[in-house]
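[1] Need a 3D model of the following:
(one chain, ligands or ions: 2)
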Amino acid sequence: MAVAAVSSAYERLVAEFDKLNTNQKGAVAVAGGLASIYLIRKVLAPADSNKPTTLQLTGGSIDSAKVKSEFDAYADSYGKGAGEGIVDRSKTVQLVDVFYSLVTDIYEWGWGQSFHFSPKLPHKDLRASEAAHEARIAALLRLRPGMKALDCGCGVGGPMRTVAAVSGAHVTGITINQYQVDRATHHNAKQGLAPLTDVVRGDFLNMPFKDNTFDGAYAIEATCHAPKLELVYGEIFRVLKSGSYFASYEWVSTSKFDSSNKEHVKIIDEINFGNGLPEMRTWKEAEDAGKKCGFELVMSLDLATASVVCGPWYERLRMGKYTHAINHAMVSTVDAIGLAPKGLKDVHHMLVEVAKSLIAGGETGVFTPMHLLLFRKP
Ligand SMILES: C=C(CC[C@@H](C)[C@H]1CC[C@H]2C3=CC[C@H]4[C@H](C)[C@@H](O)CC[C@]4(C)[C@H]3CC[C@]12C)C(C)C
Ligand SMILES: C[S@@+](CC[C@H](N)C(=O)[O-])C[C@H]1O[C@@H](n2cnc3c(N)ncnc32)[C@H](O)[C@@H]1O
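    Ligands and ions are numbered 1, 2, ... in the order given. Coordinates of the predicted model:
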C-alpha cells in the first residue's frame, strides 16, 4: 500500500514536471540537485569532516540502549510548577552530565565545536565572529605565553583552542562529561594544539587543582549549570593566583524580566529545561555571588545589548528554523530505522523547542546568554 502511494505520488510529480517550460525545468533540476547534495553531505559526510554525520550521532557516554530511559529520567527531574527548575538540586551535576551525553553530538553536528552564542560582526562570517568572542577572553585575562589558564566547563574545546592559539598561554579545560573530554582531546591533537592544552574530567564545584594554580580563568556559558553560583565561583577563586582575572559569559535574566509576568516565567522555565539548567539567576545575583566569594568586580556588561550592529545573538537560531525542521526529519528517520539510538529524536525535539524559547527570551529581552562579568582576585 505504501509502495503504491509513493509510486502514484511520483507519477503525479513527473506529470507536473512535464508541464513546465524549459527554464522552469532547469530551475527545478538545479534546486533538486542542491537539496540532494545538502542531504547527502549532512547524512554521510558534512563539509567539515570533523563533525559527526547524521548516521554517527550517539548518546555520548550513555549506552545506546539507555538513551530513551536516560532522557525520560532527565525530563522527569524538572518540576511542573512555575520557575521550579530541577526539583532535587543535589542531583544537578549528575543530570548535567547526562544532558551533555545526550546533546554533544547533535550540537557538534548542527552548530560546531563552540557551544555558545556570539554577537555577529560586520563583514565577518559566523566562525570569525565566534572566534572574536572567544579571543576577547584572552585579552581580558591578559594572557601571554608561559601563563596557565583554566577553562571552566570547556565543552569539546572550541574556545580553549582559540584562547590558546591567540595568546600562546597553556589552557586546561575541565568538563563533567567524559565524552566531551574525548572529543576535545581528539580535536586539540588534530588541530595541532595538544602542547598548549589539557582536558580533564571533573566537577567544577570541587576541582582537582591545588590552590593558586592559574594565572587566569574563564567560563563561557557554563557556570549557569552550577546548583549555586557561589559554589563554582568560590572554587575558581581558590585555584586562581592572587592578582589574576576571571571572566565569565553568564546566562542570566535581565532587568526586563518580571517574575509576576506568566509569559516571562514560562520562557525562562523552558530555557532551563532544554539546556540542563537548575534555575535561572538574575544578572545582579551573579555579580553579588562573585563579590561574596572575595572577587573585586572589574566589569559587568550585557554584550547582547552593548553592540547589535549585525543583528541580535539569537538571529542564528531564527535563521536556522527551516534547517532545524529538516534536521528533525533526518534524526527521526535514523531513530525509526534503528540507525541511531532510540530516544535521540526526543532529545532533538527538545532542542527544536528550546530554540524557540531562546528566541522568545531574546525578543522579549528578558534573557541574555552573554552577560560579561570580569572579576579580579585581590
Ligand atoms: C550554553 C548552552 C548551549 C548554547 C547553544 C550552543 C545551544 C542552545 C540550543 C542549541 C540548539 C538548538 C537547536 C538545535 C537544532 C534543532 C538541531 O537541528 C541542530 C543543533 C541546534 C541548532 C542546537 C545547537 C546548540 C544550541 C544553539 C547551554 C546548554 C547552557
Ligand atoms: C554550554 S557548554 C559550554 C562549553 C564551552 N564553554 C563552549 O563555549 O564551547 C557548558 C559546559 O559546562 C560543563 N559543565 C557543566 N556543569 C559542570 C560541572 N559541574 N563540572 C564541570 N563542568 C561542567 C559542561 O560539561 C559543558 O562542557
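
[2] Skipping adjacent residues, who's closest to residue 107 in space?
    With sequence-adjacent residues excluded and distances taken as C-beta to C-beta, 6 or more residues apart in numbering, residue 107 is closest to residue 115, at 5.5 Å. C-beta here means a position set from N, CA and C on the backbone, and glycine is covered the same way.

[3] Can you name the residues that contact residue 118?
    126, 129, 130, 132, 133, 134, 313, 370 (C-beta atoms under 8 Å, 6 or more residues apart in numbering).

[4] Where neighbours are concerned, which of these has the most?
    residue 130 (25 neighbours; other C-beta atoms under 10 Å).

[5] Next, the contact list for that one, please.
    By C-beta under 8 Å, 6+ apart, the contact set of residue 130 is 112, 114, 116, 118, 158.

[6] go again using 10 Å as the cut-off
    111-114, 116-121, 124, 158-159, 162, 316 (C-beta atoms under 10 Å, 6 or more residues apart in numbering).

[7] With residue 246 instead?
    When the contact criterion is C-beta under 10 Å, 6+ apart, the partners of residue 246 are 140-141, 150, 152, 214, 216-219, 233, 236-237, 239-240, 290, 293, 295, 298, 373-377.

[8] show me where the stretch 51-200 of the chain has strands.
    Applying DSSP state E, counting those that start in this stretch to the stretch 51-200 of the chain gives strands spanning 148-152, 170-175, 197-201.

[9] coming back round to it: please identify which of the contacts of residue 118 is nearest to residue 303.
    Compare each of the contacts of residue 118 with residue 303 using C-beta to C-beta and the shortest gap goes to residue 370, at 4.2 Å.

[10] residues contacting residue 104?
    Here residue 104 is in contact with 52, 57-61, 115, 155-156, 175, 177, 179-180, 182-183 (C-beta under 10 Å, 6+ apart).

[11] what's the answer for residue 244, then?
    141-143, 147-150, 212, 214-217, 375-377.

[12] Over to it. Which of the three states is it?
    Here residue 244 is recorded as strand under DSSP: H, G, I helix; E, B strand; the rest coil.

[13] So for it, what pLDDT did the model give?
    Note on residue 244: pLDDT of 98.

[14] Residue 45 too?
    What the model reports as pLDDT for residue 45 is 57.

[15] For the strand or helix carrying residue 369, give the mean pLDDT please.
    Here residue 369, judged by DSSP states H and E, is contained in strand 367-376. When pLDDT is averaged over strand 367-376, the result is 98.

[16] And stretch 204-217, by the same measure?
    Mean predicted confidence for stretch 204-217 is 98.

[17] is ligand 1 contacted by it?
    No: counting by C-beta under 6 Å from any ligand atom, no contacts exist between stretch 204-217 and ligand 1, the nearest distance being 13.4 Å.

[18] burial of the residue nearest to residue 64 when sequence neighbours are not counted, as a residue count?
    Leaving aside its chain neighbours, residue 64 sits nearest to residue 341 (3.7 Å; criterion: C-beta to C-beta, 6+ apart). Using other C-beta under 10 Å, residue 341 has 25 neighbouring residues.

[19] residues contacting residue 341?
    Counted by C-beta under 10 Å, 6+ apart, residue 341 has contacts 57-60, 62-68, 70-71, 102, 105, 334-335, 347.
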